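[1] Next comes the sequence, and after it the predicted model I'd like to discuss.
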Amino acid sequence: MQDRIKYWKGIEELDNTPEFAKHAHNEFPEFLPVNSEAGGEDVPSTGKTARRDFLKLLGFSVAAVSLASCETPVRKAIPYLNKPVDLEPGVANWYASTYYQNGDYNSILVKTREGRPIKVEPNPSSSLTPFGTSAKAQGSLLGLYDNNRLRYPLIKGKEAEWNEVDKQIMSRLANVRGKVAFVSSTIISPTTQKLIKEFGARFANFEHVTYDANSASALLQANGGVIPGYDFSKANVVVGINADFLGTWLAPVPFAKQYIKNRKVNPDNPTMSRHYQFETIYSLTGANADVRVPIKPSEEAAVVSALYSAITGQGSAIGSVADANALKAVIKELQANKGKALVVSGSNDPGIQAMITSINSALGAEGSTIDAASPYFVKQGSDAQMLRLINEMNAGSVGAVFFYNANPVYNHPLSAKVVTGLSKVGLKVSFADRIEETSALADYVTPDHHYLESWNDFEPKKGFLSLSQPAISPIFTTRQMQDSLLTWSGNNTNFYEYLRNNWRTVSTGDFNKFWEQTVHDGVLENGTSMLAINASAVTATPSVRVIAPNAIEAVVYEKVAIGTGDLAGNPWLQELPDPITKATWGNYVAMPRKMSVEMGVVQGDVLKVTLANGTSIELPALVQPGQANGTVGIAMGYGRNLDAMPVAQGIGANAYPVATVVDNTILYTGAVKLEKTGAVSPIAQTQTHHTIMDRLVVQENSLANYKENPKEVTEYIRLATHEGPAKPATISLWDDYEYKNHHWGMVIDLNSCIGCGACTMSCNVENNIPVVGKAEVLNRREMHWMRIDRYYSAVEHEEKDYATMEDPAENPSVIFQPMLCQHCNHAPCETVCPVAATMHSSEGINQMVYNRCVGTRYCANNCPYKVRRFNWFAYANNDKFNFNQTMNNDLGKMVLNPDVTVRARGVMEKCSFCVQRVQLGKLEAKRENRRPKDGEIVTACAQSCPTEAIVFGDMKDSESRISQILARQQGERAFHVLEELNVQPNVTYLTKIRNLA
């Protein structure tokens, strides 16, 4: 009999635990107690409720919600006395700019309304990131309106005037003794690099130390001081070894664009690349791989050395690999695809990276899958350089140190040694925008502007230049770091003029015209390069550093949303679910199922993690299917207990001390000991808040089957009738709608969706979706209109041999499915609303009329997709949700989109297909007396997708992209979720195709 694929959302559903079974069929679960941090006064669960109490509670809640839904927030309007020439109320202005932080690069367009930035979108003029953004780029907007930013410079922690700060720093620099060090994370600004060199030239002993919290130092040593110009779009075979290149490694947005180019399939070109991934934790990249092999950190050298020996014919393989058959298949395919293969590794071991470089060279990657003439500059940090500076500070030979986008007291494994070293430095200056771990020890804090208040330039990849320009005047009395350096150098030029003067060297013809055009476009991609990289004199050689196997090997990794911790104070990003674990608001000890059973650990048990140096941290356990046995994973970026970062206070623990320093290199792994503490701390996850009840929701098939017959890769539900099997849509009690003008719809390609969550974040920003906090997520009350469902899957054999059967959680496959309101033509929510608050538009959009909604929640109960959200609280102006920066203070409210109402308490809300964007596009077309052109109207989720997995458009337009996709894919990969219910969604999915080995 044919094997069947079983899908499940989490360990709870796989095991059908009592807790899961209890809530699986309960639309509105019993309330959990709500702590004071998250707010709310829910009735604690007691298991039973008396009938009289139930009726009293019901009567009160209905009355309260009805009253609340009728309230309208007070709004004040102040007219312009002298209106700016370039500003029209109600009309958006757009500014080309650039987002860059810790390797995450995006050329962007910034949307402003009435002079305030409210949205970030991709810049189509960029060929590096022409569509899509990262979730962090979307969320970075909120940092502009962070009330916890410093509003003025500080001297010894006290407010000061800029003149006094400048006077004191210049005086102390004139008499400085010893080395002057400028410590920063990677700077890809050519002009800023030039300025730092000029600033340092004044001193007899100056060094610019570049340090990255998540280092790629070994990769740089193996490739002449630069990141190779990887091009995944030209690879038929991709092999990743602990490199999350779709999530956090180096340049995920450009890499995702390249990677997905060879993953989109159609009958005219039924080919796609094959992706092998060897990794410890379950990463976003591993979830997209065709073949994934779990390995321990101590096994990584064996994998790489085996590839090195087989491909280059040099050296010899060491040790054994858990899945020798998979390794043999990888070697065979790499050898068969020379010139069209690429191997990447996230290791920070120079010897391993040197072997990877030799492997790619032997495969003929240079000139095809690696563009040697155009390397990446997004990581430039040197572990050895930073370690040397720490020793010099402790030796007392450093006279002054400046910190720019660098926080080693928090994110360096030798944090304690950094602290002692700083105590011996005479002058310490920080450019941090708040009091954080390192700036708290500084003599002077001269807060930098937010990037949306600044001028700057960038070169993330050789020959790809971009600019950033202020989209708003500085909100606080801050000053751009570059202007501070110019002032302390005695240079009266401001940085804007300094920047222009530097760009004169690359202009042709009329400079003013050239400058205005470049600022307008945001990019210059004519091959010009301005950034000079100092290549390392020491080049790594292929070698193997054997890591002794330990009982428990820990890995420190970077999360897609929180990153290295700089953005931990951003509530949007804290509440964005991790793509794999679907956990929010904190880090945890991720461990494989087998290990948790052996230790008697259940999810939520607090574990004491003791490190090799004797220090320890405590975190709850999370059972992670597919993780290598004998390992644990802990995310970096948490444990930031700062007054200046209240959102992150009490959230998780700092995992950087888990990393180890070996031979001037930071290795993000280490041996640990685990102990149960007896405490329990629930993890706020969004994934298992409902069940699919074993129904057909996601669909996938193999490339072999697709090539054989594309019309048989998708399963379609048919109903039995007296005339034979029939489509559900042909049997209905409903009258079909007739769409005369427009019929809006969406197609989502499951082959292209990598699960990054950028669409969810973009939707949150566009539609003023509130942040609810950890306690409310635990109560299953997150408000996201769009979610990315992550399904684990494993083959379910009909004839089971329980003695030899593999645990489905051992190494399951993953499939992602964006889920939003399906805007059904036969919407079941519309028929049950007693006040017609949810209704169908003449253009196929299921709409919510908030003023009508009285909060009965009948519509949510009747929605088979569970995409409706009930706002239990007034999240705006509510002290119980004080972390909700977007709605609880006047500054935070500046980020709100004025085209979308902030909903009052007690109403149902959901995806609107960004109806405000639809209406704007129609009005602009009407003003020009024409129909909207295809591509003019794009939803926020579609515009932010880095892989173009989401296509939105008018299905009445036969020439539109969506119409052409539907015409081509009907009967092949196109399907509707829960088609058998005959709700006739306007969202169509395309079956995922896997290139299985």
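    Alright, I've got the coordinates. Numbering: from 1, shown residues only.
[2] all contacts plus neighbour counts: C-alpha atoms, from now on.
    Fine.
[3] any chance you could map the helices in the stretch 451-600 of the chain?
    With DSSP state H, counting those that start in this stretch as the criterion, the stretch 451-600 of the chain has helices at 481-488, 495-503, 511-521, 571-575, 593-599.
[4] Buried deepest among the ones you listed, which one?
    Neighbour counts (mean count of other Cα atoms under 10 Å) averaged over each of the helices of the stretch 451-600 of the chain peak at helix 571-575, with a mean of 26.
[5] Tell me the helix or strand right after the strand or helix carrying residue 258.
    Here residue 258, judged by DSSP states H and E, is contained in helix 252-261. Counting by DSSP H and E, the next helix or strand C-terminal to helix 252-261 is strand 274-279.
[6] Any idea which of the helices of the stretch 451-600 of the chain gets closest to residue 669?
    helix 593-599 (18.1 Å; Cα to Cα).
[7] hang on, the earlier thing: for the helix holding residue 258, packing partners?
    strand 104-113 (3 or more Cα pairs under 8 Å, 6 or more residues apart in numbering; DSSP states H and E).
[8] Now do the strand it packs on: which elements does it pack against?
    strand 93-101, strand 116-122, helix 252-261.
[9] hmm, 7 Å instead?
    If you count contacts as 3 or more Cα pairs under 7 Å, 6 or more residues apart in numbering; DSSP states H and E, strand 104-113 packs onto strand 93-101, strand 116-122.
[10] Mean pLDDT, mean neighbour count and distance to residue 257 added to these, as a markdown table?
    A markdown table is the format used below for these (pLDDT from 0 to 100; neighbours: other Cα atoms under 10 Å; distance: least, Cα to Cα, whole Å):
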| stretch | mean pLDDT | mean neighbour count | distance to residue 257 |
| --- | --- | --- | --- |
| strand 93-101 | 94 | 23 | 17 |
| strand 116-122 | 94 | 24 | 13 |
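[11] For my notes, please list the ones you listed in TSV and give distance to residue 147 for each entry.
    Below are the helices and strands packed on strand 104-113 laid out as TSV (distance: least, Cα to Cα, whole Å):
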stretch	distance to residue 147
strand 93-101	20
strand 116-122	15
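[12] about what we covered before: just send the helices of the stretch 451-600 of the chain back as TSV, with mean pLDDT too.
    Formatted as TSV, these follow (pLDDT from 0 to 100):
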stretch	mean pLDDT
helix 481-488	96
helix 495-503	96
helix 511-521	94
helix 571-575	94
helix 593-599	92
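[13] And those: which comes nearest residue 782?
    helix 571-575 (8.5 Å).
[14] got the CA positions of that closest one in CSV?
    Extracted in CSV, the C-alpha atoms of helix 571-575 (Å, rounded to 0.1, in the frame of the first residue of the first chain):
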residue,chain,number,x,y,z
PRO,A,571,8.1,44.4,20.9
TRP,A,572,7.1,43.8,17.3
LEU,A,573,10.1,41.5,16.9
GLN,A,574,9.7,39.9,20.4
GLU,A,575,6.2,38.8,19.5
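[15] Now find how far off-centre it is within its chain.
    11 Å (Cα atoms, centre = their mean, to the nearest Å).
[16] quick revisit: what is the orientation angle of the helix holding residue 258 with strand 274-279?
    Orientation of helix 252-261 against strand 274-279 (axes from the mean of the first three to the mean of the last three Cα atoms, to 10 degrees) gives an angle of 140 degrees.
[17] quick one, what contacts residue 404?
    Residue 404 makes contact with 183-184, 430-432 under the criterion Cα atoms under 7 Å, 6 or more residues apart in numbering.
[18] Next, it: phi, psi?
    Backbone geometry at residue 404, expressed as degrees, to the nearest 10, gives phi -130, psi 120.
[19] What's opposite it in the beta bridge?
    residue 184 (DSSP bridges).
[20] and the residue lying closest to residue 270 once chain neighbours are set aside, how many neighbours does it have?
    Sequence neighbours aside, residue 707 is the residue nearest to residue 270 in space, at 6.1 Å (criterion: Cα to Cα, 6 or more residues apart in numbering). Residue 707 has 16 neighbouring residues, counting by other Cα atoms under 10 Å.
[21] Minimum distance to residue 774: which of the helices of the stretch 451-600 of the chain has it?
    helix 571-575 (7.8 Å).
[22] Can you list the low-confidence ranges for the protein?
    1-4, 8-9, 11-85, 535-538, 689-694, 795-807, 809 (pLDDT under 70).
[23] got a markdown table for the helices of the stretch 451-600 of the chain, with distance to residue 231 too?
    Formatted as a markdown table, the helices of the stretch 451-600 of the chain follow (distance: least, Cα to Cα, whole Å):
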| stretch | distance to residue 231 |
| --- | --- |
| helix 481-488 | 34 |
| helix 495-503 | 29 |
| helix 511-521 | 24 |
| helix 571-575 | 29 |
| helix 593-599 | 36 |
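[24] Looking at those helices, which is nearest to residue 98?
    helix 511-521 (11.0 Å).
[25] and that closest one, what does it pack onto?
    strand 93-101.
[26] just checking, what packs against the strand it packs on?
    With contacts taken as 3+ Cα pairs under 7 Å, 6+ apart, strand 93-101 sits against strand 104-113, strand 464-468, helix 511-521.
[27] Turn the ones you listed into TSV, columns for distance to residue 635.
    Converted to TSV, the helices and strands packed on strand 93-101 look like this (distance: least, Cα to Cα, whole Å):
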stretch	distance to residue 635
strand 104-113	17
strand 464-468	31
helix 511-521	37
